[in-house]
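Asker: I'd like to go over a predicted model; first the sequence, then the structure.
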There are 2 protein chains.
Amino acid sequence: MPKIPQLDALDRKIIRALQRNGRITNLELAAEVNLSPSPCLRRLRNLENNGAITGYSVDVNTKAYGLPVTVMVRISLEKHTEDVVVRFEERMKAIPEVLECFVMTGLSDYLLRVVVSDLEDYERFVRDRLHPIGGISSIDTSFVYGVVKRTHVFPEFHG
Amino acid sequence: MPKIPQLDALDRKIIRALQRNGRITNLELAAEVNLSPSPCLRRLRNLENNGAITGYSVDVNTKAYGLPVTVMVRISLEKHTEDVVVRFEERMKAIPEVLECFVMTGLSDYLLRVVVSDLEDYERFVRDRLHPIGGISSIDTSFVYGVVKRTHVFPEFHG
DNA sequence: GTATTTTTGGCATTAGATTCCAAAATTCAT
DNA sequence: ATGAATTTTGGAATCTAATGCCAAAAATAC
């Protein structure tokens, strides 16, 4: 694993500006963090190259795209032998409807965020994608009714 | 609510390309979706203006930034009177450690994603941020041990 | 306090974004 | 099907941003 040099206050300012707007130009970014464009771009490239920044993306309206139903799924496995765990996790990586899969403390082993087009589509997901994996002891489904908040911007860091 | 015109296959290709790399140039994007740069940019601007695309962001290594602990918190309210609900949701929007807050079906009312620097910081979060809100009947905390998958890329849509 | 190292800022060059318009493709009415 | 109307595309010119280089400034070490 790459060890990432400690970020300074300016790096974190750059990161928070990009979390607010990932497609801001370097010129605007430089102005926002009070730096001239060339050192700003150099810092940005460093953050990208040393692993502090892992990528860029776009936020899309799920309804507009045609996947209006978001589901949070908590899954426990029957046992935790290497083969069962590896098989499950490989399937998670391969299933396109699964956007996120976390390993959790607490009663459930995994928490998934899944997007589908409707209830029927979710039934298909459980029947055709999850059940065939095997080794699953419980599936607890919660649908997302509304989004109160969703941001990419980290809290200010005072370290 | 703005009604967003139906996206066609090309719009969805553009979106998926940007979900993979939100900072791709218009020239590269155009090449990827087999379109020349000018109509590609015009489509992109349309998606931005009509609400299909809501923003751009950067993915940051939480450890590098100094917030290595991610927590999923399930919260239920004692009652669902307008004042209690509104107060709770306004506080969620205002607390910087809360990156996401969803309204859920199932046993819990809300699911939060919270980032903090350590366990002590999370205790402070619960004591100083959540408890003072009032009206909370239960808080169920699960720590994220590992990330099996995390993508922004939606499944291909065949509609 | 001076030498060394790191970071910055400005400039020249290269690459990309944006705009405009004519051509091509699609849609619609008949 | 056929032609008119509408929408979408592609290319060229222009404007804006990114990139690389080097000297100056700042920070650090001795």
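Answerer: Looks like it came in fine.

Asker: make it CA atoms for all contacts and neighbour counts henceforth
Answerer: Noted.

Asker: Looking at chain A, which strand is longest?
Answerer: Using DSSP state E to define each element, chain A has its longest strand at strand A:136-150.

Asker: CA atoms only for that one - export them in PDB, please.
Answerer: C-alpha atoms of strand A:136-150 as PDB (Å, rounded to 0.1, in the frame of the first residue of the first chain):
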ATOM      1  CA  ILE A 136     -26.400 -16.300   2.600                       C
ATOM      2  CA  SER A 137     -28.300 -16.600   5.900                       C
ATOM      3  CA  SER A 138     -30.300 -13.400   5.800                       C
ATOM      4  CA  ILE A 139     -31.300 -10.600   3.600                       C
ATOM      5  CA  ASP A 140     -32.800  -7.500   5.100                       C
ATOM      6  CA  THR A 141     -34.200  -5.000   2.600                       C
ATOM      7  CA  SER A 142     -34.900  -1.300   3.200                       C
ATOM      8  CA  PHE A 143     -36.100   1.000   0.500                       C
ATOM      9  CA  VAL A 144     -35.000   4.600   0.300                       C
ATOM     10  CA  TYR A 145     -38.000   6.800   0.600                       C
ATOM     11  CA  GLY A 146     -36.300  10.100   0.500                       C
ATOM     12  CA  VAL A 147     -33.000  11.800   0.600                       C
ATOM     13  CA  VAL A 148     -32.500  14.400   3.400                       C
ATOM     14  CA  LYS A 149     -28.900  15.100   2.600                       C
ATOM     15  CA  ARG A 150     -26.200  14.000   0.200                       C
END
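
Asker: How about the residue of chain A most remote from its centre, nearest residue that isn't a chain neighbour?
Answerer: Most distant from the centre of chain A: A:S36, at 31.7 Å, with distances by Cα atoms, centre = their mean. Excluding the flanking residues, the one nearest A:S36 by Cα to Cα, 6 or more residues apart in numbering or on different chains is A:A30, at 5.6 Å.

Asker: for A:R124, helix, strand, or coil?
Answerer: helix (DSSP: H, G, I helix; E, B strand; the rest coil).

Asker: A:L77 pairs with what?
Answerer: Judged by DSSP bridges, the bridge partners of A:L77 are A:I136.

Asker: can I assume it is in contact with A:D109?
Answerer: Yes - with contact defined as Cα atoms under 8 Å, A:L77 counts as touching A:D109 (6.9 Å).

Asker: Check whether the helix or strand hosting A:D11 comes near chain B.
Answerer: In the assignment (DSSP states H and E), A:D11 maps to helix A:9-20. Yes - residues of helix A:9-20 contacting chain B under Cα under 8 Å from any Cα of the partner chain: A:R12, A:I15, A:L18, A:Q19, A:R20.

Asker: other SSEs contacting that helix?
Answerer: Identification of packing neighbours for helix A:9-20 by 3 or more Cα pairs under 8 Å, 6 or more residues apart in numbering or on different chains; DSSP states H and E yields helix A:26-32, helix A:37-49, strand B:53-60.

Asker: rerun at 6 Å
Answerer: With contacts taken as 3 or more Cα pairs under 6 Å, 6 or more residues apart in numbering or on different chains; DSSP states H and E, helix A:9-20 sits against strand B:53-60.

Asker: what pLDDT, on average, does the strand it packs on get?
Answerer: In this model, strand B:53-60 has a mean pLDDT of 98.

Asker: give the contact list for A:V115.
Answerer: A:V115 makes contacts with A:V69, A:T70, A:E97, as judged by Cα atoms under 6 Å, 6 or more residues apart in numbering or on different chains.

Asker: one more time with 7 Å, if that's ok
Answerer: By Cα atoms under 7 Å, 6 or more residues apart in numbering or on different chains, the contact list for A:V115 reads A:L67, A:V69, A:T70, A:V71, A:E97, A:V98.

Asker: quick check, nearest of those to A:D140?
Answerer: Lowest distance from A:D140 to the contacts of A:V115 (Cα to Cα) belongs to A:V71, with 10.2 Å.

Asker: what residues are up against the residue positioned nearest the centre of chain A?
Answerer: Against the mean C-alpha coordinate of chain A, by Cα atoms, centre = their mean, the closest residue is A:E100 at 5.7 Å. Contacts for A:E100 (Cα under 7 Å, 6+ apart) come out as A:L112, A:R113, B:K149, B:R150, B:T151.

Asker: And the third one, how close does it get to A:R16?
Answerer: Spelled out, it's B:K149. B:K149 is 23 Å from A:R16, where distance means Cα to Cα, to the nearest Å.

Asker: Same check on the last one?
Answerer: If you measure B:T151 against A:R16 using Cα to Cα, the figure is 20 Å.

Asker: Name the residues of chain A found near DNA strand D, please.
Answerer: Counting by Cα under 7 Å from any atom of the strand, the residues of chain A lying close to DNA strand D are A:I24, A:T25, A:N26, A:L27, A:P37, A:S38, A:L41.

Asker: Provide the partner residues of the residue nearest to A:L112 when sequence neighbours are not counted in its beta bridges.
Answerer: Closest residue to A:L112 apart from its sequence neighbours, by Cα to Cα, 6+ apart: A:C101 at 4.5 Å. For A:C101, the beta-bridge partners are A:L112, B:K149 (DSSP bridges).
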